[in-house]
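**Student:** no sequence on hand, only this structure:
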């Protein structure tokens, strides 16, 4: 089983401000070393500000394990790691609740949108429903026992901003009613660990059809996943990664291979990995 | 405490077909005695058809306790009573699951829409999430203990078709995300009996603002309900009735009086009643 996480290493400096002394790993060339343009840099800067730290600074190395532009919340991962690291280096002046908005401000540099969809579960762990971003009201949902996740990461790159740009700005009222009911049913399926209901509820009638064409062979890949026995399938974030939910690790592995094969027909290389919901969130090592 | 329910009385006849021999009660002048134009008549007719009953017929009296056009599911109540009565008179040939679509077809005569929003909870009881109308997939949700409902019924009439007609056909994507999250949170609040979350989740940013002007003094009435200590407030169905949720019967009564007073300032007479979620659905007496 695989764990998907960015790693940050850092230390306090007597010089004020933030230095990013190294970036290694996946897509490192896509990440700025200028703190003001880096999600970890911005979130740490916000931390120093809100924690009232003036004299000292921080220097960090960023080891990217989550590829930017993959739809797996890469920028949120670095932002969450940034505030968690900085908070630890200065003796935990802020609570996790207080770190959350700072990490959101960090991610905003990359996604150009103020949202907690990635940051909240990344920092807090588990499955999180963001009810209201304005008041930062979010709810941790039950993690059904026996839920395995397959992630397939095609070797193509989509920028979140671009993938978001193609979405229509409005939704038909009937479609909204239908899709909202699916979200309500998905929450219920999680709370009750009802995999049959999860299967039915994981149908996206609004966003998926608009983004499907960005992923070569999307519907073939989806069919391959369901043929392998998964409970649900979808685009991860704004893509191009895809996820599938399974009730056991064998199905999860088989689905990964099947999706990879389906992609290879379209001459797209990919990685896949099998993982589980991380209940802990961002951790110190 | 009040119970809100239409009553049907009926008997088998040797003459085939359906006769509506009397309609009494609230808004009786708005209800057709022609079986093909009456929600109970149509649902019974569908019942006779699907149960394969040819020789015999049914005659019924309809005693309306739920005023048509009030937003309380009046037409669904008669449709559900129709199929339940007919099924009993012929020895229960169909299951409740089988009666459901027949009652939906009955209600369709009045609402001009194929939906189970009223029929499903009315027939089955409890709180029901209609996930998918095409496959009639619905989920019964937890009924939180200690939940009281105040209904205020202004003496003005709105036709469902009219109240539906004013709705915009599309919704902004951002609004949809926000409102879907509230629905997800409302399902969660029910499952967990979390009244604090229910309070926050019961905000309608899409439909309520479009219909508020149909009810004189709507926002004053809402403020009066919240000032009385209710957990949530909204338009019932397509209005003009309004509901409020409370955690005890005293708040529920006080809220009813407060809402009635607020309406009276706008020269609108009203009734209010305090009730609870009926867990049983349509019953034989």
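**Tutor:** Nice, I can see it. Please read these numbers as outputs of a predicted model, since none were measured by experiment.

**Student:** strands of chain A, start to end?
**Tutor:** Chain-ordered strands for chain A, with DSSP state E as the definition, fall at A:7-13, A:17-25, A:57-64, A:127-132, A:137-141, A:148-154, A:170-172, A:232-235, A:242-246, A:270-275.

**Student:** for burial, what's the neighbour tally of the residue in the stretch 1-150 of chain A that chain B sits nearest to?
**Tutor:** When distances are taken as CB to the nearest CB, the stretch 1-150 of chain A reaches nearest to chain B at residue A:131, 4.4 Å away. All C-beta spots, glycine's among them, are computed from the backbone N, C-alpha and C. The tally of other residues near residue A:131 (other CB atoms under 10 Å in any protein chain shown) stands at 23.

**Student:** repeat that for residue A:184.
**Tutor:** Neighbours of residue A:184 under the rule other CB under 10 Å: 25.

**Student:** distance check, it against chain B.
**Tutor:** Here the criterion is CB to the nearest CB, to the nearest Å. By it, residue A:184 lies 4 Å from chain B.

**Student:** which non-adjacent residue is nearest the most centrally placed residue in chain A?
**Tutor:** For chain A, the residue sitting closest to the mean C-alpha position, by CA atoms, centre = their mean, is residue A:73 at 2.9 Å. Using CB to CB, 6 or more residues apart in numbering or on different chains and skipping the chain neighbours, the partner closest in space to residue A:73 is residue A:118 (3.6 Å).

**Student:** then residue A:62?
**Tutor:** Using CB to CB, 6+ apart and skipping the chain neighbours, the partner closest in space to residue A:62 is residue A:23 (4.7 Å).

**Student:** I'd assumed residue A:35 was in contact with that neighbour.
**Tutor:** No: with contact defined as CB atoms under 8 Å, residue A:23 and residue A:35 do not form a contacting pair (11.8 Å).

**Student:** for the nearest residue to residue A:210 once chain neighbours are set aside, give me its contacts.
**Tutor:** Counting by CB to CB, 6+ apart, the nearest residue to residue A:210 once its immediate chain neighbours are dropped is residue A:167, at 5.7 Å. Remark: with contacts taken as CB atoms under 8 Å, 6 or more residues apart in numbering or on different chains, residue A:167 is in contact with A:207, A:210-211, B:173.

**Student:** up against chain B, what does the stretch 151-285 of chain A have?
**Tutor:** Counting by CB under 8 Å from any CB of the partner chain, the positions of the stretch 151-285 of chain A adjacent to chain B are A:167-173, A:176, A:178-188, A:191-192, A:197, A:200-201, A:206.

**Student:** now do 6 Å
**Tutor:** If contact is defined as CB under 6 Å from any CB of the partner chain, the residues of the stretch 151-285 of chain A in contact with chain B are A:169-173, A:176, A:180-181, A:183-185, A:187-188, A:191.

**Student:** before we move on, what about the stretch 1-150 of chain A?
**Tutor:** Selection of the stretch 1-150 of chain A residues close to chain B by CB under 6 Å from any CB yields A:129, A:131, A:139.

**Student:** with pLDDT as added columns, please give those residues in JSON lines.
**Tutor:** Below are the residues of the stretch 1-150 of chain A next to chain B laid out as JSON lines (pLDDT from 0 to 100):
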{"residue": "A:129", "pLDDT": "97"}
{"residue": "A:131", "pLDDT": "96"}
{"residue": "A:139", "pLDDT": "97"}
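
**Student:** where along chain A do the helices fall?
**Tutor:** The residue ranges that make up the helices of chain A, judged by DSSP state H, are A:39-50, A:74-89, A:96-111, A:119-124, A:160-165, A:173-192, A:195-201, A:208-211, A:218-227, A:249-265.

**Student:** who wins for proximity to residue B:17 among the ones you listed?
**Tutor:** With CB to CB as the measure, helix A:173-192 is the member of those nearest residue B:17 (35.9 Å).

**Student:** other SSEs contacting the closest one?
**Tutor:** Based on contacts counted as 3 or more CB pairs under 6 Å, 6 or more residues apart in numbering or on different chains; DSSP states H and E, the elements that helix A:173-192 packs against are helix A:195-201, strand B:127-132, helix B:173-192.

**Student:** and these as JSON lines, adding distance to residue B:40?
**Tutor:** Conversion of the helices and strands packed on helix A:173-192 to JSON lines gives the following (distance: least, CB to CB, whole Å):
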{"stretch": "helix A:195-201", "distance to residue B:40": "32"}
{"stretch": "strand B:127-132", "distance to residue B:40": "21"}
{"stretch": "helix B:173-192", "distance to residue B:40": "30"}
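
**Student:** so how do I select the buried members of the residues of the stretch 151-285 of chain A next to chain B in PyMOL?
**Tutor:** With 16 or more other CB atoms under 10 Å in any protein chain shown as the criterion, this PyMOL line picks the buried residues out of these:
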select buried, chain A and resi 170+171+172+173+176+180+181+183+184+185+187+188+191
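
**Student:** I'd like the residues of the stretch 151-285 of chain A next to chain B laid out as TSV, including pLDDT.
**Tutor:** Listed next are those as TSV, based on pLDDT from 0 to 100:
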residue	pLDDT
A:169	93
A:170	95
A:171	96
A:172	96
A:173	94
A:176	95
A:180	97
A:181	97
A:183	98
A:184	98
A:185	98
A:187	98
A:188	98
A:191	98
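
**Student:** what sits against residue A:254?
**Tutor:** Listed by CB atoms under 6 Å, 6 or more residues apart in numbering or on different chains, the contact partners of residue A:254 are residue A:228.

**Student:** quick one: it from chain B, how far?
**Tutor:** Here residue A:254 is placed at a distance of 28 Å from chain B (CB to the nearest CB).

**Student:** what's the pLDDT at that residue?
**Tutor:** Reported pLDDT at residue A:254 in the predicted model: 98.

**Student:** any stretches of the stretch 101-250 of chain A with poor pLDDT?
**Tutor:** Counting by pLDDT under 70, the stretch 101-250 of chain A has low-confidence residues at A:158-161.

**Student:** for residue A:194, which non-adjacent residue is closest in space?
**Tutor:** If the residues on either side of it in the chain are set aside, residue A:194 comes closest to residue A:188, at 7.1 Å by CB to CB, 6+ apart.

**Student:** isn't the one you found right next to residue B:187, touching?
**Tutor:** Yes: at 5.3 Å, residue A:188 counts as touching residue B:187 under the criterion of CB atoms under 6 Å.

**Student:** what do those two both touch?
**Tutor:** Contact criterion CB under 6 Å, 6+ apart; residues shared by residue A:188 and residue B:187: none found.

**Student:** and the residue nearest to residue A:194, how far is that from residue B:246?
**Tutor:** Distance from residue A:188 to residue B:246, counting by CB to CB, to the nearest Å: 24 Å.

**Student:** roughly how far does residue A:272 sit from chain B?
**Tutor:** Using CB to the nearest CB, residue A:272 is found at 29 Å from chain B.

**Student:** just residue A:214 next, same as before
**Tutor:** Relative to chain B, and taking CB to the nearest CB, residue A:214 is found at 17 Å.
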